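Colleague: Just to be clear, the model below is a prediction. Sequence and coordinates:
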Amino acid sequence: MRKYLLVISLFAFLASCNNKPGAGNGVTATDSTFVINGNIAGLDTGKIIFGHRAGDEKVYDTVEIKSGAFQYTGKVPASDGINSYTCMLPGKGEDRVDILVQNANLQFTAKADSFAAASVKGSPAQDDLNVFSQQTKDVDAAMSALGKLYTETKDKAVKDSLNKVYDQYDSVIQSYVPGFVNAHPHSYASAYIISRTLLINPKVEVLELVYNSLDSIVKVSKFGKVVVDVLGAAHKTAVGQVAPDFTMNDRDGKPVALSSLRGKYIFLDFWASWCGPCRRENPNIVEAYAKFHSAKFDILGVSLDSEKDNWEMAIKKDKLTWQHVSDLKGWGNAAAKMYGIRAIPANLLLDKEGKILARNLYGSDLEKKLKEVLK
């Protein structure tokens, strides 16, 4: 469920924040090395937003729709192989379309009233992604429906139940990946699919297997590098390992080392003020903190915020009375990179010696685990 909610949160953030304009801003077709020609039936005029990540920054372009058509242009560095763009209509971040762009001509065809079902063709990687999407479409639809139910209910027990079912579906999606990668080792889409499906809570053995199946040129592509970085972090942050130490400033600018907190069970929580799923998870963490803080349990919040005022306001509003640190670099947060964090909320539970006991405990799972280890 976290994956579904994260995407909505991130693109609500993308649409609302003053991110930098990207490749399509003022670039003409003669300058560019990729062109997306689009038609949207039922929308004569308006705008369409294209967002992508450039390093640690979110970048977006707004393109005009005229007579139901648009053209978006730009470049993909040869060393990257591909880039992933997400497009959406303003105010409709839940109806998004993911596109794998290579230096080629792509055709985008959609209907305004069913935008998320758009057809995109033209780049080899996108065509391969379409094959995978066709294989998993029924499971994707079921997961999307569960995600919407999750956002609509306030019942904690129902949310926990929906999470468990969602995770089962997510496991089904993951089971398709090795077969697809084995059949498409030369495709940049394979590295992208791995990055989208296997990196949230990585299983080292599976991740190594699929990564080693990739062709050498795909391994060094943009998403191949993402996979190998997370794989390296996954080795260091697996259950049973001592959590890698880091030092980061708290809200008063004072450095806090993770290792300085040893002697207690520590919940290392990666979150951000702009992350809706994080904010919805916070009451569960507050409840666990109230129940177990006196039993040598503490929390260190690591924020992926870039604006201090927003960070501090969220801490106050959500009543997060434990220690917090951030380098205010957003997705460039040094600790998040060290731990291979690709989605938030994310967390680790550490024992008194700093060893990792569990990862990604949500809902009632945190309280259940604490009852187990603090008994």
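Modeller: Structure received.
Colleague: just the helices in this protein please.
Modeller: Listed in chain order, the helices of the chain (DSSP state H) span 2-16, 124-152, 156-183, 188-197, 204-213, 216-219, 222-236, 276-292, 308-317, 334-338, 365-373.
Colleague: ranking the ones you listed by burial, who's on top?
Modeller: Burial of these is given as mean neighbour count (mean count of other C-beta atoms under 10 Å); helix 188-197 ranks first at a mean of 26. (Each C-beta comes from the backbone N, C-alpha and C, glycine too.)
Colleague: ok now that one, how far from the chain's centre?
Modeller: Put simply, helix 188-197 sits 13 Å off its chain's centre (C-alpha atoms, centre = their mean, to the nearest Å).
Colleague: That helix - what's its average pLDDT?
Modeller: Averaging pLDDT along helix 188-197 gives 95.
Colleague: Export that helix to PDB, keeping only CA atoms.
Modeller: Output of helix 188-197 as PDB, limited to C-alpha atoms (Å, rounded to 0.1, in the frame of the first residue of the first chain):
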ATOM      1  CA  TYR A 188      16.800  -0.600 -20.600                       C
ATOM      2  CA  ALA A 189      13.200  -1.300 -19.500                       C
ATOM      3  CA  SER A 190      14.400  -4.300 -17.400                       C
ATOM      4  CA  ALA A 191      16.500  -2.100 -15.200                       C
ATOM      5  CA  TYR A 192      13.700   0.400 -14.900                       C
ATOM      6  CA  ILE A 193      11.200  -2.300 -13.900                       C
ATOM      7  CA  ILE A 194      13.600  -3.700 -11.300                       C
ATOM      8  CA  SER A 195      13.900  -0.100  -9.900                       C
ATOM      9  CA  ARG A 196      10.100   0.200  -9.700                       C
ATOM     10  CA  THR A 197       9.300  -3.200  -8.200                       C
END
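Colleague: What about Gly253, how many residues nearby?
Modeller: A count of nearby residues for Gly253, using other C-beta atoms under 10 Å, gives 6.
Colleague: going forward, begin numbering at 4 instead of 1
Modeller: Renumbered: residue one is now 4, and that last one reads Gly256.
Colleague: Ramachandran coordinates for it?
Modeller: When quoted as degrees, to the nearest 10, the phi and psi of Gly256 stand at phi 80, psi 10.
Colleague: Find me the pLDDT at Lys157, would you?
Modeller: pLDDT, Lys157: 81.
Colleague: circling back: can you redo the helices of the chain as JSON lines with distance to Asn86?
Modeller: Converted to JSON lines, the helices of the chain look like this (distance: least, C-beta to C-beta, whole Å):
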{"stretch": "helix 5-19", "distance to Asn86": "15"}
{"stretch": "helix 127-155", "distance to Asn86": "10"}
{"stretch": "helix 159-186", "distance to Asn86": "20"}
{"stretch": "helix 191-200", "distance to Asn86": "10"}
{"stretch": "helix 207-216", "distance to Asn86": "20"}
{"stretch": "helix 219-222", "distance to Asn86": "14"}
{"stretch": "helix 225-239", "distance to Asn86": "7"}
{"stretch": "helix 279-295", "distance to Asn86": "25"}
{"stretch": "helix 311-320", "distance to Asn86": "28"}
{"stretch": "helix 337-341", "distance to Asn86": "20"}
{"stretch": "helix 368-376", "distance to Asn86": "36"}
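Colleague: what about these, which gets the closest to Val38?
Modeller: helix 127-155 (13.2 Å; C-beta to C-beta).
Colleague: Would you mind pulling up the elements that the closest one packs against?
Modeller: Applying 3 or more C-beta pairs under 8 Å, 6 or more residues apart in numbering; DSSP states H and E, one finds that helix 127-155 makes contact with helix 5-19, strand 100-104, strand 122-124, helix 159-186, helix 191-200.
Colleague: Let me have those in CSV, extended by distance to Ser262.
Modeller: Below are the helices and strands packed on helix 127-155 laid out as CSV (distance: least, C-beta to C-beta, whole Å):
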stretch, distance to Ser262
helix 5-19, 28
strand 100-104, 39
strand 122-124, 48
helix 159-186, 32
helix 191-200, 31
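Colleague: Quick one: closest of these to Gln138.
Modeller: Closest among these, using C-beta to C-beta: helix 159-186, at 5.7 Å.
Colleague: I'd like to know which elements the closest one is packed against.
Modeller: helix 127-155, helix 191-200, helix 207-216.
Colleague: residues near Gly84, how many?
Modeller: Using other C-beta under 10 Å, the number of residues around Gly84 comes to 23.
Colleague: which residues sit in contact with the residue lying closest to it once chain neighbours are set aside?
Modeller: Residue nearest to Gly84 in three dimensions, not counting chain neighbours: Ser224, with 3.5 Å by C-beta to C-beta, 6 or more residues apart in numbering. Ser224 makes contacts with 82-85, 191, 194, as judged by C-beta atoms under 8 Å, 6 or more residues apart in numbering.
Colleague: hang on, Gln244 packs against Gly357?
Modeller: No. Using C-beta atoms under 8 Å, Gln244 is not in contact with Gly357, being 9.4 Å away.
Colleague: which of these two has more neighbours?
Modeller: Gly357 (17 against 13).
Colleague: and that one, what is it in contact with?
Modeller: Contacts of Gly357 by C-beta under 8 Å, 6+ apart are 245-246, 248, 261-262, 265, 269.
Colleague: What pLDDT is listed against it?
Modeller: On the pLDDT scale, Gly357 is placed at 97.
Colleague: Distance check, it against Ala148.
Modeller: Separation of Gly357 from Ala148 (C-beta to C-beta, to the nearest Å) stands at 41 Å.
Colleague: and what of Ile196?
Modeller: Taking C-beta to C-beta, one finds Ile196 at 22 Å from Ala148.
Colleague: Check Ile288 too.
Modeller: Ile288 sits 27 Å away from Ala148, going by C-beta to C-beta.
Colleague: how about TSV for the helices and strands packed on helix 159-186, with distance to Ile344 added?
Modeller: Formatted as TSV, the helices and strands packed on helix 159-186 follow (distance: least, C-beta to C-beta, whole Å):
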stretch	distance to Ile344
helix 127-155	21
helix 191-200	13
helix 207-216	15
